[in-house]
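S.K.: sequence? don't have it. structure:
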């Protein structure tokens, strides 16, 4: 009937693939050389989903990156080779990333020490104490993980958000925020609307790192499959559900809905 | 062949014909030009990388016109304009001659536009008045509120950081000693007229000094006993628009110049994104490169007046930089007191004058007795530096070097081959930011959320540092 490509081999990508593979041919592409995405390749459910997908005939291209989607072909590159994969439809399940400084309206200086949470997680895995006093912007999953790890390595944690129980010092989300520091971060300034009037009051938090760990946004990195209006692309990047099983089931549902819409078109 | 000597340990003295102070686009252009001659040359840069001042924070336009006819700046711009295709091919620098439309939004601006056209024609540069409909045909994203336009077909967009780095790489591969992290602390002139320049890392003895220190040029002149010249930082803020939108821009979109300002422009970049800016705010603190929310909001409001589809949510980044404002907007001449001190600074158009300015500086030095002759064995070009993203079908590229197939920066599709090339160049990237300047990695919509850990590790490997000590910017490390 129809060939499809799924970009992303995390819970959402595997959910799409197992649902689609009952009716159409499926190729799954992921830039990481193992399945699982941020859930991790050794997650028991991930291994089950991947085994099931393989039984259904899903073809995996792991360690390869989708670059460009145009004219129903996905340009995929990997070490040593590139391929143009033809497909009628692309399911993009490229996961989530933390909001950037621009997404958050974080202005001011641009010194070293302003780090996306996903990067901070990687760096802290080296087990080396990097920072003494870390301002963590946000209160979700990334914020908790980074705060926990940085504290284990001896850092004091300043939480900026609504539920930051894990922090040593707490501040509510400000109206605006800005960074100070010439070579390295020295402070974060938080501006709040004064309840008494239009004026703002400011709090300056001294810190030597700022971790961007606020709201998750969808990763979009295949040209031609970035804007939500992209032709013949279905984006499967939910914020909720956030658990592995929930994301897998959600993606199956999205893929089934797409298959059903095809059947309606195909019906005489 | 000499690499950048910041890698060498300890203080040392170089004795050269010409010491260039400043590793911005003008200093490196002069270094590259002199490197193909018999002159011995040393380039001193205060920061730990080249292109750390105005040369990394500008709109990336190689202009064909910037000011009134008859000035040296205009002569150098018009001499440089036809050379970009050849020069950028030779140095593997991204460049596209997109042309520009200048847009008038009311009758007063339309009147200004006619005056601007007269001035452009008087410079010997092409410009053509357009009706509202013709303007929108040239750039369909321009507002239908525009009443008139001016087509400037010779304007181009260039990667100003790649250009500066390429000039430095050519200079270094021809034997110029590129000394980074070497701020000048004193300049002494001996009785024989030779200068002794003291830096934080050793000294340099030279016959001629080229003062290309940008906003610090006044300080350098005073140190050398030269003229009292005033320079101050003029801060420009910029916002960067997502490629998914900016890729549909065909031309540079200028606002109509007024008597006092050149206004906020919409400039496609060679990376496929677009820049909004710049603002112009004179101040006193060269290290102040802070952005602020009000100015960013103003940038978007002004730009959306030209291109209505520009909105807040397309912004992936904002930044600021200081360009050198001065009491003498362009200063390419010998000092009036010290005959072997050659000033080489320009207000905003440093990139645009750089090819011809470098020739001009060589002529001035030779007229003062440098006697630099062309050197037949000098490299005039850099090895090709292909970018994965430029290929519709990269299979041959990847077959020749498998690392081109390994994408490190997923948003901008920068491969491991490009990153390792930047880290191993004659003037190599020594920080994550240095990799960004040379390759565009982390420059996309996720701003390094996915790839900058990997780039930190690659940079640490090449610079013999660790996770905490690897540099994130030219000045600051990842850890503290």
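M.R.: That came through fine. Note that the structure is a prediction, hence the values are computed from the model and not measured.
S.K.: Okay, now the unreliable bits of the stretch 151-300 of chain B?
M.R.: B:259-260 (pLDDT under 70).
S.K.: just the strands in it please.
M.R.: With strands called from DSSP state E, counting those that start in this stretch, the stretch 151-300 of chain B shows them at B:156-158, B:177-179, B:184-189, B:195-199, B:202-211, B:231-241, B:252-255, B:265-268, B:274-277, B:281-282.
S.K.: Make JSON lines out of the ones you listed and add mean neighbour count and distance to residue A:172.
M.R.: Where you see a C-beta, it was placed from the backbone N, CA and C, and this is true even at glycine. Below are these laid out as JSON lines (neighbours: other CB atoms under 10 Å in any protein chain shown; distance: least, CB to CB, whole Å):
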{"stretch": "strand B:156-158", "mean neighbour count": "25", "distance to residue A:172": "43"}
{"stretch": "strand B:177-179", "mean neighbour count": "24", "distance to residue A:172": "49"}
{"stretch": "strand B:184-189", "mean neighbour count": "17", "distance to residue A:172": "47"}
{"stretch": "strand B:195-199", "mean neighbour count": "20", "distance to residue A:172": "48"}
{"stretch": "strand B:202-211", "mean neighbour count": "23", "distance to residue A:172": "51"}
{"stretch": "strand B:231-241", "mean neighbour count": "23", "distance to residue A:172": "28"}
{"stretch": "strand B:252-255", "mean neighbour count": "25", "distance to residue A:172": "40"}
{"stretch": "strand B:265-268", "mean neighbour count": "26", "distance to residue A:172": "37"}
{"stretch": "strand B:274-277", "mean neighbour count": "28", "distance to residue A:172": "32"}
{"stretch": "strand B:281-282", "mean neighbour count": "12", "distance to residue A:172": "32"}
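S.K.: out of the ones you listed, nearest to chain A?
M.R.: Taking CB to the nearest CB, strand B:231-241 is the member of the strands of the stretch 151-300 of chain B nearest to chain A, at 7.9 Å.
S.K.: Packing partners of the closest one?
M.R.: For strand B:231-241, the packing partners by 3 or more CB pairs under 8 Å, 6 or more residues apart in numbering or on different chains; DSSP states H and E come out as helix B:217-223, strand B:274-277, strand B:281-282, helix B:293-306, strand B:315-326.
S.K.: how many neighbours does the residue in the stretch 1-150 of chain A that chain B sits nearest to have?
M.R.: Proximity of the stretch 1-150 of chain A to chain B (CB to the nearest CB) peaks at residue A:112, 2.6 Å away. Using other CB atoms under 10 Å in any protein chain shown, residue A:112 is surrounded by 26 other residues.
S.K.: And residue A:53, by the same measure?
M.R.: Residues near residue A:53, counting by other CB under 10 Å: 26.
S.K.: Enumerate every residue touching it.
M.R.: Neighbour list for residue A:53: A:14, A:17, A:18, A:21, A:26, A:28, A:60 [criterion: CB atoms under 8 Å, 6 or more residues apart in numbering or on different chains].
S.K.: before we move on, which element is it in?
M.R.: helix A:44-55 (DSSP states H and E).
S.K.: Mean confidence (pLDDT) on that helix, please.
M.R.: Helix A:44-55 carries an average pLDDT of 97.
S.K.: Skip the chain neighbours and tell me the closest residue to the residue of chain B found nearest chain A.
M.R.: Going by CB to the nearest CB, chain A is nearest to residue B:476 of chain B, at 2.6 Å. Of all residues beyond its chain neighbours, the one nearest residue B:476 is residue A:112 (2.6 Å), with distances taken as CB to CB, 6 or more residues apart in numbering or on different chains.
S.K.: where does that neighbour fall, phi/psi-wise?
M.R.: Per-residue torsions, residue A:112: phi -70, psi 150 (degrees, to the nearest 10).
S.K.: my guess is it meets residue A:184, correct?
M.R.: Yes - counting by CB atoms under 8 Å, residue A:112 touches residue A:184, with 5.2 Å between them.
S.K.: Please list all residues in contact with the spatially most central residue of chain A.
M.R.: Residue closest to the average C-alpha location in chain A (CA atoms, centre = their mean): residue A:96, at 1.7 Å. By CB under 8 Å, 6+ apart, the residues touching residue A:96 are A:216, A:217, A:218, A:219, A:237, A:239.
S.K.: from what I can see the last one touches residue A:246, true?
M.R.: No - contact between residue A:239 and residue A:246 fails when scored by CB under 8 Å: they sit 11.1 Å apart.
S.K.: Between those two, which is the more surrounded one?
M.R.: When neighbours are counted by other CB under 10 Å, residue A:246 comes out ahead of the other of residue A:239 and residue A:246, with 15 against 11.
S.K.: quick check, that one in a strand?
M.R.: No - per DSSP: H, G, I helix; E, B strand; the rest coil, residue A:246 lies outside any strand segment and is helix.
S.K.: How much space separates it from chain B?
M.R.: For residue A:246, the distance to chain B (CB to the nearest CB, to the nearest Å) stands at 23 Å.
S.K.: Tell me who's in contact with that residue.
M.R.: residue A:240.
S.K.: hmm, 6 Å instead?
M.R.: By CB atoms under 6 Å, 6 or more residues apart in numbering or on different chains, no residues touch residue A:246.
S.K.: residues in the stretch 151-268 of chain A within reach of chain B, list them.
M.R.: A:176, A:182, A:183, A:184, A:208, A:221, A:226, A:227 (CB under 6 Å from any CB of the partner chain).
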